[in-house]
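Asks: Return a 3D structure for these sequence lines:
(chains A and B)
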Amino acid sequence: MDAINLIIRSIFVDNMIFAYFLGMCSFLAVSKDVKTALGLGVAVTFVLVLTLPINYLLENYMLKDGALAWLGPQFADVDLSVFSLLVFIAVVASFTQLVEMVVERFSPALYNSLGIFLPLIAVNCAILGGSLFMQQREFANIGMATAYAFGSGIGWLLAIVGMAAIREKLEYSNVPKPLKGLGITFIITALMAIGFMSFSGINI
Amino acid sequence: MALLSGKTKEALLGPLNKNNPVIVQVLGICSALAVTSKLEPAIVMAIAVTVVTALGNVVISLLRKTIPNRIRIIVQLVVVAALVTIVSEVLKAYAYDVNKQLSVYVGLIVTNCILMGRLEAFALGNGPWASFLDGIGNGIGYGWILVAVGFVREIFGSGTLFGHKIIPQSFYDMGYENNGFMMLAPMALILVAIIIWIHRTKNKELQEEA
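Replies: So this is what the prediction gives:
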């Protein structure tokens, strides 16, 4: 039950994009049509769900203060948390490389349309951000961490697909010239974020 | 100024205006929006990003001939993550309160797209000195947007600058209220959109057709 609650919370209340602005770069650049947006959203969710549990294990059995106690009493006061950034990003980067190879092999069309943004999933703030938030919130077990990853990924997917759908319709509107493209996208994101704020405070 | 001729000058000054990382290249938006509700964290963040971009650019530029193409992203990330870890430890030691306010966003400098964008687009193809200037230029270009947004949000959102009261008490007595909406995240987006609007009205060649 806790897990479902957590998933719903991280989709709507703590939405990666609208509450924390994580992963904005690719959110703004790849939200031009729904199909590509969907592909990227799925890729992000996939990488999140894979990397977050791994980072959770690394955090709790290697990096945290006293986490090495299982090796023996002489390691009980070793604190490696200085290295957490390095370790997390290394895990994320290697998994991204893996996903890139898989997508290139099985769906060249998607690979071409995602272009530069596939390798950039590695530097998608949403993914490293997920790991850093996991470190901050100290989830009780690996299941909760996975649930959090899944919820955040779906939340990100929902946001980017919604955005792409709005931008497709936007082609027919008469936007002031200097605001076209980037400017209006920012304003739409702001309005969507205000909308999502109405979810805050909901407890399920 | 032989050191600042032609291309290197462009590398330093371009990002301040025509080639600004935030409002033209669309890089590094995440942190630009999340840390700007007050001026002080915005400035600290701007300095941290400038330092990391400049040093990261230099390191990658020195290594550029030896990095195998296939694993370059991982190499870049490791270099950047090491630099960010140093910056974050320095912040913890000398500016603990600000570090608390910035929370995960210091760590997220690693994935700040400005860094990767500049490393990929510039440092991999240019010498260390030009890359250093490019890093400084992009850091400052990113910084001034942050400071501008932070300035507006703090002065209208809480009536203070750097925590000092700016709006006189007599205004409040007459019925002036702080605009709480400024403290919320979406306002940062709208402010950046306004900056883009002004910037593109002045630079017509940047306007998009779509």
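
Asks: can you tell if the helix or strand encompassing B:Asn138 touches chain A?
Replies: In this structure, B:Asn138 sits in helix B:128-157 according to DSSP states H and E. No - judged by Cβ under 8 Å from any Cβ of the partner chain, helix B:128-157 makes no contact with chain A; its nearest approach is 11.6 Å. All C-beta atoms are positioned from the backbone trio N, CA, C, and that covers glycine.

Asks: Show the subsequent helix or strand relative to that helix.
Replies: Per DSSP H and E, the first helix or strand lying C-terminal to helix B:128-157 is strand B:160-161.

Asks: partners of that following strand in the sheet?
Replies: Sheet pairing for strand B:160-161, assigned by DSSP bridges, gives strand B:164-165 (antiparallel).

Asks: hmm, who's touching the strand it pairs with?
Replies: Contacts of strand B:164-165 from elsewhere in the structure, counted by Cβ atoms under 8 Å, 6 or more residues apart in numbering or on different chains, are B:Gly159.

Asks: And the average pLDDT for the helix or strand that comes right after that strand is what?
Replies: Remark: after strand B:164-165, the chain's next helix or strand is helix B:169-173, criterion DSSP H and E. The average pLDDT within helix B:169-173 is 79.

Asks: B:Asn179 and A:Leu191, how far apart?
Replies: Applying Cβ to Cβ, to the nearest Å, the value for B:Asn179 to A:Leu191 is 17 Å.

Asks: just A:Thr45 next, same as before
Replies: From A:Thr45 to A:Leu191 the distance is 24 Å (Cβ to Cβ).

Asks: out of those two, which sits in the busier spot?
Replies: More crowded of A:Thr45 and A:Leu191, by other Cβ atoms under 10 Å in any protein chain shown: A:Thr45, with 21 against 14.

Asks: thinking the more buried one is in contact with A:Gly153, fair?
Replies: Yes - if you go by Cβ atoms under 8 Å, A:Thr45 and A:Gly153 touch, sitting 2.9 Å apart.

Asks: Of all residues in chain A, which one is nearest the centre?
Replies: Nearest residue to the geometric centre of chain A (Cα atoms, centre = their mean): A:Ala126, 3.2 Å.

Asks: Now tell me which helix or strand of chain B has the poorest mean pLDDT.
Replies: Taking mean pLDDT, DSSP states H and E as the measure, chain B has helix B:6-13 as its least confident helix or strand, at a mean of 70.

Asks: Secondary structure element holding the closest residue to B:Gly150 other than its chain neighbours?
Replies: Distances taken as Cβ to Cβ, 6 or more residues apart in numbering or on different chains place B:Ala42 nearest to B:Gly150, at 3.2 Å, with adjacent residues excluded. Per DSSP H and E, B:Ala42 falls inside helix B:39-63.

Asks: In chain A, which helix is the longest?
Replies: helix A:142-170 (DSSP state H).

Asks: Check the offset of that helix from the chain's centre.
Replies: Relative to its chain's centre, helix A:142-170 lies at 8 Å (Cα atoms, centre = their mean, to the nearest Å).

Asks: following it, which helix or strand comes up?
Replies: Next element after helix A:142-170 (DSSP H and E): helix A:182-197.

Asks: What is the burial count for residue 169?
Replies: No chain in the question, so chain A it is. Burial measure for A:Lys169: 8 neighbouring residues, criterion other Cβ under 10 Å.

Asks: Please refer instead to chain B.
Replies: A count of neighbours around B:Gln169, defined by other Cβ under 10 Å, yields 10.

Asks: ok, now how distant is it from B:Tyr176?
Replies: As judged by Cβ to Cβ, B:Gln169 and B:Tyr176 stand 10 Å apart.

Asks: Repeat that for A:Ala190.
Replies: 24 Å.

Asks: Neighbour count for those two, which is higher?
Replies: Set A:Ala190 next to B:Tyr176 and count neighbours by other Cβ under 10 Å: A:Ala190 wins out with 22 against 13.

Asks: What's the separation between that one and B:Val90?
Replies: Separation of A:Ala190 from B:Val90 (Cβ to Cβ) stands at 34 Å.

Asks: what's the answer for B:Cys30, then?
Replies: Counting by Cβ to Cβ, the gap from B:Cys30 to B:Val90 is 22 Å.

Asks: Have a look at those two and say which one is more surrounded.
Replies: B:Cys30 (26 against 13).
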